[in-house]
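# Coordinates only, no sequence provided:
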């Protein structure tokens, strides 16, 4: 955490004659001074699972009134030496400004020898957004990625503190800062897929995993990490829910002959002849997640000569605009014949379609 303090100050009246436990008056102890707040005032990008530490010029009474936090989250304030420490049990919301208010005067914070803070203090900080690395850990643990994640031994703790950090172990805490650990690929997947993976940056592998999650949880399937999607990921993590469909990856090769290969849970489950786009309407190279599926459809569009087509097709899985894997009747398969789609014969399309669920990645390679 960042040391130091930048804060706004408002004045409040301190009690001139603090009372003893029996109610008799005694000489006032010297005033206590606030020396630091961590996170420091106006800090940004703060890990919302970390504690708040308010440090004073003397040891604090365990029974001292505590600062307040707005917006509030569940957690516990404790006195540790010269500090009052707040440990959240649920992380603060991301990209949110939090205000720490330290009360003064007779009803304010109190040192171990009865000293009072003479001026109330407020300080603000802004939490960071959730991280791609944290998202990757959560989705890997729930089975939406073709990787496993294993934590390193040891936990995270705030520097100089003798307290655990329970919010860091919650799904929200993982989303803020993934614990130390290692991602390992499940065996069997090709380099074409592995080369597109990064745990720290947005990539198509993560996007496909989010879409697969959205599909299984009845949410709009667009890969957008809305607060609703994050909250659903957290809830699934707490319930121990996992991907029910398994992990699928497909690769359409424009080699001769053209083929479609499908991996499911690390095993090749299909390798069949396929047709891709003709030169005037090629199938675009790249990797794309399946975003729409139909058991049967009248596929409509415009031919290169300007005429219109409306063809009945089956076992349709769209992956890039109007390009889809589907059945289309041809005299042969294995060469460029389509207007951009990946065409299969009827039996191969029927075999492929159950695997090509929402979020499954399809790579097109020359």
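Yes, it's here. Keep in mind that this is a model prediction, so the values were computed, not measured.
# Buried residues, stretch 84-102. List them.
84, 85, 86, 87, 88, 90, 91, 92, 94, 98, 100, 102 (16 or more other Cβ atoms under 10 Å). Any C-beta I mention is one placed from the backbone N, CA and C, and that applies to glycine too.
# Would you mind giving the residues you listed as TSV with pLDDT, distance to residue 320 and secondary structure added?
Converted to TSV, the buried residues of stretch 84-102 look like this (pLDDT from 0 to 100; distance: Cβ to Cβ, whole Å; DSSP: H, G, I helix; E, B strand; the rest coil):
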residue	pLDDT	distance to residue 320	secondary structure
84	98	56	strand
85	98	52	strand
86	97	49	strand
87	95	47	strand
88	94	43	strand
90	90	40	coil
91	93	37	coil
92	95	39	coil
94	96	31	coil
98	97	42	strand
100	98	49	strand
102	98	56	strand
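# Return the member of those nearest to residue 312.
residue 94 (47.2 Å; Cβ to Cβ).
# tell me the contacts of the closest one?
Taking Cβ atoms under 8 Å, 6 or more residues apart in numbering, we find residue 94 in contact with 48, 127, 128, 129, 130, 175, 176.
# mind checking how far it is from residue 336?
Applying Cβ to Cβ, to the nearest Å, the value for residue 94 to residue 336 is 47 Å.
# just residue 139 next, same as before
36 Å.
# So for the two, which sits in the more crowded spot?
residue 139 (24 against 15; other Cβ atoms under 10 Å).
# so the more buried one sits in a helix?
Yes - under DSSP: H, G, I helix; E, B strand; the rest coil, residue 139 sits within a helix.
# Look up the closest residue to it, ignoring the ones flanking it.
Among residues not flanking residue 139 along the chain, residue 209 sits closest, at 4.6 Å (Cβ to Cβ, 6 or more residues apart in numbering).
# Check which helices and strands the helix or strand where residue 350 lies is in contact with.
Using DSSP states H and E, residue 350 maps to helix 346-352. With contacts taken as 3 or more Cβ pairs under 8 Å, 6 or more residues apart in numbering; DSSP states H and E, helix 346-352 sits against strand 259-264, strand 267-273, strand 308-320, strand 323-327.
# so what pLDDT did residue 212 get?
pLDDT for residue 212: 98.
# returning to what we had before: which element follows the helix or strand hosting the residue nearest to residue 139 toward the C-terminus?
Using DSSP H and E, residue 209 sits within helix 204-216. Next along the chain after helix 204-216, taking DSSP H and E as the criterion, comes helix 227-239.
# Any buried residues in that next one, and which?
229, 230, 232, 233, 234, 236, 237.
# and what of stretch 49-67?
Neighbour-count burial for stretch 49-67 [16+ other Cβ under 10 Å]: 49-56, 58-61, 64-67.
# That stretch: end-to-end distance?
For stretch 49-67, the first-to-last residue distance is 18 Å (Cα to Cα, to the nearest Å).
# quick check, distance from it to the centre of its chain.
31 Å (Cα atoms, centre = their mean, to the nearest Å).
# for stretch 113-128, same thing?
With Cα atoms, centre = their mean, you get 32 Å for stretch 113-128.
# avg pLDDT for it?
96.
# repeat for stretch 170-181
The model assigns stretch 170-181 a mean pLDDT of 92.
# From one end of that stretch to the other, what's the distance?
16 Å.
# got any ranges where the chain has weak pLDDT?
Along the chain, segments meeting pLDDT under 70 span 1-28, 153-165.
# in it, which spans are helices?
With helices called from DSSP state H, the chain shows them at 132-141, 171-176, 191-194, 204-216, 227-239, 346-352.
# I'd like the distance between the residue nearest to residue 225 when sequence neighbours are not counted and residue 76.
For residue 225, ignoring the flanking residues on the chain, the nearest one in space by Cβ to Cβ, 6+ apart is residue 210 at 6.5 Å. Relative to residue 76, residue 210 is positioned 34 Å away (Cβ to Cβ).
# same deal with residue 349?
Taken as Cβ to Cβ, the span from residue 349 to residue 76 is 58 Å.
# Neighbour count: the two, which is higher?
Each of residue 349 and residue 76 has its neighbours counted (other Cβ under 10 Å); residue 349 has more, 24 against 13.
# Show me which positions of stretch 284-303 end up buried.
So stretch 284-303, judged by 16+ other Cβ under 10 Å, has buried residues 287, 288, 289, 290, 291, 293, 294, 297, 299.
# quick one: contacts for the residue most central in space within the chain?
Averaging the C-alpha coordinates of the chain gives a centre point, and the residue nearest to it by Cα atoms, centre = their mean is residue 135 (3.1 Å). Listed by Cβ under 8 Å, 6+ apart, the contact partners of residue 135 are 175, 206, 210, 225, 233.
# What is the burial count for the first one?
For residue 175, the number of neighbouring residues by other Cβ under 10 Å comes to 26.
# Next: the fourth one.
The tally of other residues near residue 225 (other Cβ under 10 Å) stands at 19.
# One more: the second one?
For residue 206, the number of neighbouring residues by other Cβ under 10 Å comes to 22.
# if I pick it, what's in contact with it?
132, 135, 136, 139, 145.
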